[in-house]
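Enquirer: A structural model of the following input is requested.
(3 chains)
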Amino acid sequence: MSIKHIRLLIWKEFLQLRRDRLLLPLIFIGPIMQLIMFGYVVGSDVTNIPTAIVDQDMTMTSRALADSFVNTGYFTILERPATESDVQTLMDKNRVQVALLIPPGLEADLARGEQVPVEIIVDGADSKTASVASGYAAQVFADFNQKRIEATGLVPDAPGIDARVRVLFNPTLRSVNAMIPGLVATILLISMGVVMSQAIVRERERGTLEQMFVTPITRGEYLLGKIAPYILLAIIQVSVVMVVGIFWFRVPFHGTLLVIGLGLLLFLFTVIGQSMFISMISRTRQQAQQATMFILIPTMVLSGFIFPLESMPPEIVPVTYFIPLRYALVILRTSFMKGAGLEALWPQFAAMAVFSALILGLALSRFQKRLSD
Amino acid sequence: MTDALDMAIDAKGLAHRFGSSVLAVDDVSFAVGAGEIFGLVGPDGAGKSTLIRMLSTVLRPSEGDADIFGASVLHKPAAVKRRIGYMSQRFSLYPDLTVTENLSFFASLRGVPRREIRPRSARLLEFAGLTEFANRQAQFLSGGMKQKLALAVTLIHEPDLLFLDEPTTGVDPVSRREFWRIIAGLHRRGITVFVATPYMDEAERCTHVAFMDGGRILFRDTPTGLKARVPGRLLEVCTKDQRKARALLGPYPWALSVTVLGEVVRLIVALDGPSELEIQALLSSAGVVTQCVRPVRVDMEATFAFLAEEARLDREVAS
Amino acid sequence: MREALRRISAIASKEFIHIRRDPRIMIAVLVMPTIQLLLFAYAISFDVSDVPTVLLDGDRTTASREYLAAYEQSDFFNVVGHVESQKAIDDAFDRSSARIAVMVRPGFGEALARGEKASVAVLVDGSEPNSAQLGQAYATALNQALGRELTFEYLERQAIDPTRAGGITPFIRTWYNPERRSADFLVPGLMVVVIMIVTVQQTAVTLVKEKEQGTFEQIIVSPIRRGELMLGKVSPWVLLGVIDMLVVTLVAIFLFGVPLRGDVLTLGVGTFLFVLCSLGIGLLVSARASSVEVANLVALLISFLPGFMLSGFAFPLHSIPRFLQVVSYAFPGRYMVTITRTVFLKGGSFSILWPEIGALALYAVVSLTLASVLYSRRPD
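Expert: Numbers count the residues shown, from 1 in each chain, chains lettered A, B, ... in the order given. Just a heads-up that it's a prediction; the model follows:
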C-alpha cells in the first residue's frame, strides 16, 4: 500500500468529477431534493381534505355541526351543493373527497331526543385520505354527542375512565422527525450507490481499468483510491442533511454522534460492497443503472423508510430482514429520537456488521476474479 | 459562374473560437477544385479537425463562411449536406448494429431510394472488401475494417465531396494501403476528397496539399510544387552517432534542415552548399564515422520538416 | 414529407435493433414494472395493525384485568407481554420491541367501585409517527368506548335514560371502493409511476450516448431535422410503453382484482399521451446531460423524487405545502394518476377527464418540442 499512489488516484477521481460540469452540482442537488420531497411530501400528515357539505337543514345546529368539521383543520369546504345527486358529479370529477350530508329536520329531531342518522361519504379511490377522513369525522360526531349529553346535565358523577394518552419521544407526532434520520442513510444509498458504480463501470467501458493494472498500482490501492473520494462526498452529504434537518426542519436530536457515526459507517460498507458488486456484473453504465434501480426500489419500499413495517403483510416482513437499510433506520431513528445507545441497539449493529462483511467480501472476491479474466 | 461550379470548396475567412479566447481556426481562406484529393497536414492541435467540422456543417463557424459547390455552410447547410460525406476521426458507427444494418440505417437517413439500398450496399461492401463480414456487429470488426465500414457509410449516398478526418490513424500499414487504394478509385470517378492526415507518405498521394499549423494554413500547393520550394538537395547520412552528426551539421548556414529519421540523419543542403564527399570528410574529421552520405529524392517528409522550420523562423523574426 | 417519414422510421428501426440486441433492456422494460407493481402492491399498505404493545397491571383486580383484556381482543394492539415495572417499559421502547404501553395504576378497581373516574396511562412511541398517530387514536377510542359502557351501565342502574339528549348516528359510506382495499387505491396509481420510472430511465441516455459514441456527428451531416430525430427515438418506446401499460393493467385486473369500471378508450388515449410525456422528460434530460452518468443520475432523481412522490399515488397532494402542489403540476404523473383512478374505480370517461387528457397532450407537445430545441447541435 502506498499512500502516494492512493493520493494520486483520489486526485484523478476528483479531476474527473470536476470535469463533468453537471455531476458535482448534482451530487449536492440530489440530497436537497430528497430533503424537500421526504420532508414535505412523505412527511406531511393528511390535511386540507377537499370536502362538500350538503346542508338540507339550514339551522343553527346544522351550521354548528358543519363548523365543527371546519374547525378540526383537516377539512377544507370547497363546495356547498344543494342535493346529494350533485355530490356524485363532484366526486367523479375528483373535486371533493368527502361529503357531509345533513338531512332536513336535524335540529327538530334532535330536540325531540331522537337519534338522527347523518351520512358521511368518503372517496374510497384514495383510501388513505378516506380512512383518515372517516376517523376525523367519527371524532367530530363523538364530540358533538358528548357535548349534548353534558349540556343536558344528565350525567353527574358517573364512573368512567380517565385515560391519558401520552406520546413519547416525538410528542407532536411530526412525520419529519422520523423521515430525516432515515434520509441520512438513504442519501448514501443514492449518491454512493449510483455515482460510484457508474464511475467504476465507466473505467471498464473505456478500458482505463486495464491500463491501471499494468502500472505499479495494486488492486487494494486502486479500490481505496476509488472509494475514498466518494466517502468524502458522502460525509459532506450526510452533514448537509443533518444540519438542514436539525436547523430547518427542527428535528430534535437526542442521540450521540458515536452511535450515529458507527451505524452510518457500517451501512456505508454495505453500500460500497453493493455498488462494487453491481459494477462487477455490469458491462455498461446503463446496465449498472438498471441493476442499481433493481436493488434501490425494493430497498426503499421494504426497509420501512417510506412505509411503516407494521403495516406490511406478515408474509412480506421476513424479506425485510435481508435489507441492511432496515437496521440502519432503526439505529438512526432510535438514536435520534430516543437517544438509545449501543446496549439497546446491539442486535442491529450485529446484523449490519454481518451484512457488511458478507456483501463487501462477496464484492471483493468478485473483483479479484473479474480482473483475472 | 463556371468557376464556382468547378470549385468544390471555397473558404472565406473561416474562424472558430472555443470558449471566448482559444482560436482553433484563425481566418482561413482557401479553395479546393472539384476532383482534387486535397490533403490537410499539420501537427496535432493545428486545427485540422475543427476546420473539417466547419466545412461539413457539424460546427458553425464563429466568423467567415465557406461555399461547398456554391452553397454556403452557414445559410444552406441542407444543400451542403446532400453533396458531402463526412467521416469523423473517432469511429462513429453503432457498435451493436451489424455492418449491413449500419449501412442501411445511414442510407435511409440520407434518403437513398429504397430499392437502391441493397445493390449499393453490396457494391460498397465488395469495394471495401467487407462482403464476408456483412452480418457481423460493428464492435467485433478489426480497426482497419471499422475504418473501411465508416468510409462505406459515408459513401452510401454517393456524395461528390468526401471529408475524411485522419481516416487511417491507428490502422495497420496493410489496411492503410488498402484504404488509399479505395480513395484513389474514388478520385478516378471524379469524387473530390478532402483528407486530414498526420502521415506524410499519405500527403504524397494527394493532388494538392495544405500545411496547417496554429490554426492557419501556411502553404498550399501540389506535392511537386511544395517540394520545389525546397531550395536544395536532400542527403541521407548513415551513421551510428546520429545526435552528434546533427549537432555538428546544424549550425552551418548551408544546412537548411537537419532531422533524425530512424537510422539516418536527413540533411537538406543549399544548392550552393558542399558536396557529399566534403560533408563526409567534415564529419569524419570531427570523429563521426559515416557508412554513407547519399542523395535521395526530396519527399514530403523532408519538405514539411523544412517548411515548418522556415515558418517557425519567420514567426520568430516577426515577433 | 415522405422523406421525413422515411428518416423517422430509419431512426425508429435502428432503435429497435438496439433494444433487441440488449436482452437486459427487454427485461428492464417488461419484467421490472411487473415485479415493482407486485412488490409495491403487496408491501405498501396504510392499514396499520398488530402494533406491539405491553401491559402493566399495577392494580391486579377483576376490573383491571377486564379493562386490559379489551386490548388483547383488539386487532390493532398486539400484546407482546405483561411487564412489572416502568423500567421494563423503557427498555422495551429503547429496543423498539414495543410501541405502545398501557399502565393501570393501583386503585383502579376501587375508584370505579366508588363511582369515580379511574386513571389509566397509555404511552405511545412517537418515533414511528404513522403508527403512533393511529395508536393514539385507537387508544383514545377504545377508552372512550369502555368509559361510555361503564357510564351507561351506571346510569341504567340509576334508571336514567341517557339517550334522551338526542344524538347523531354517523353513517360512513365509502364510495367506489367500499371495502377500502389498499390494492384498489394503490394499483392504479402505481401503474403510472412504475411506467414513468422505466421510460424516463431508458430514454434519458439515448441522446447522450449518440454523442459519446460519436455517431451524433454522422447524424448531423445527414439531412435529418432534430424534431424528426426525436420522433424516431421516441416511437419504439411509445410502443413498448403502451405494451408495458397493457401488461400492468392485466396484472392489476386479474391478479389484484382491481375493477375496471370506466372507458377503456380514455385509458388508452391517456396512456399513450402519458408515455409520450415521460419520454419527453427523458429526452429533455438526455438533451442537456453532459455525460451518461449525469443522465442516469438526473433520470433517477426526477423519476423517483418528484415523479413518484408528487404524483399523488400514495401521498395525497392536498396535504402537501402549496409550493410543492404547484410543482406537482409540472410532472405528468399527477394527471395520469387521476385518469387511471377515475377510469378504474369511478367509471370515468372522456367527458369527465378531458382536462387531464388535455393537460397531458399539451405536456407531451411542449416537452418533446423543448427537448428538440434544447438538443444543441453543437457536439461538444
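
Enquirer: can we go C-alpha only for contacts and neighbour counts from here?
Expert: Will do.

Enquirer: can you tell me how far the spatially most central residue of chain A sits from chain C?
Expert: Computing the C-alpha centroid of chain A and ranking residues by CA atoms, centre = their mean puts residue A:306 first, at 3.4 Å. When CA to the nearest CA, to the nearest Å is applied, the distance between residue A:306 and chain C equals 9 Å.

Enquirer: pLDDT at that residue, what is it?
Expert: At residue A:306, the predicted lDDT confidence score is 78.

Enquirer: for it, give me its contacts.
Expert: Residues in contact with residue A:306, defined by CA atoms under 8 Å, 6 or more residues apart in numbering or on different chains, are A:42, A:179, A:300.

Enquirer: secondary structure class for it?
Expert: In three-state terms, and counting by DSSP: H, G, I helix; E, B strand; the rest coil, residue A:306 is coil.

Enquirer: in the chain, which helix is the longest?
Expert: No chain was given, so I picked chain A. helix A:342-372 (DSSP state H).

Enquirer: you answered for a different chain; I wanted chain C.
Expert: With residue count as the measure and DSSP H as the assignment, chain C has helix C:129-157 as its longest helix.

Enquirer: what packs against that helix?
Expert: Using 3 or more CA pairs under 8 Å, 6 or more residues apart in numbering or on different chains; DSSP states H and E as the contact criterion, the elements in contact with helix C:129-157 are strand A:160-168, strand C:117-125.

Enquirer: following element in sequence after it, please.
Expert: Downstream of helix C:129-157, the first helix or strand assigned by DSSP states H and E is strand C:167-175.

Enquirer: now do the buried residues in the longest helix of chain C.
Expert: Using 16 or more other CA atoms under 10 Å in any protein chain shown as the test for burial, helix C:129-157 gives C:129-136, C:138-140, C:142-144, C:146-148, C:150-152, C:154-155.

Enquirer: repeat that for stretch B:116-135.
Expert: B:117, B:120, B:121, B:122, B:124, B:125, B:128, B:130, B:131, B:133, B:134.

Enquirer: any idea how far residue C:374 is from residue B:301?
Expert: The span separating residue B:301 from residue C:374 equals 46 Å under the rule CA to CA, to the nearest Å.

Enquirer: I figured residue C:261 hits residue C:346, correct?
Expert: Yes - Residue C:261 sits in contact with residue C:346 when judged by CA atoms under 8 Å, with a separation of 6.6 Å.

Enquirer: and the pLDDT for the residue of chain A positioned farthest from its centre?
Expert: Using CA atoms, centre = their mean, the residue of chain A lying farthest from its centre is residue A:112. It sits 50.9 Å away. Residue A:112 carries a pLDDT score of 84 in this model.

Enquirer: the helices in chain B, which residues?
Expert: With DSSP H applied, chain B shows helices at B:2-6, B:48-55, B:77-83, B:99-109, B:114-128, B:143-155, B:173-188, B:200-204, B:223-228, B:242-249, B:276-285, B:300-318, listed in chain order.

Enquirer: relative to residue A:59, which of those is closest?
Expert: Judged by CA to CA, the one of the helices of chain B that comes nearest to residue A:59 is helix B:99-109, at 75.3 Å.
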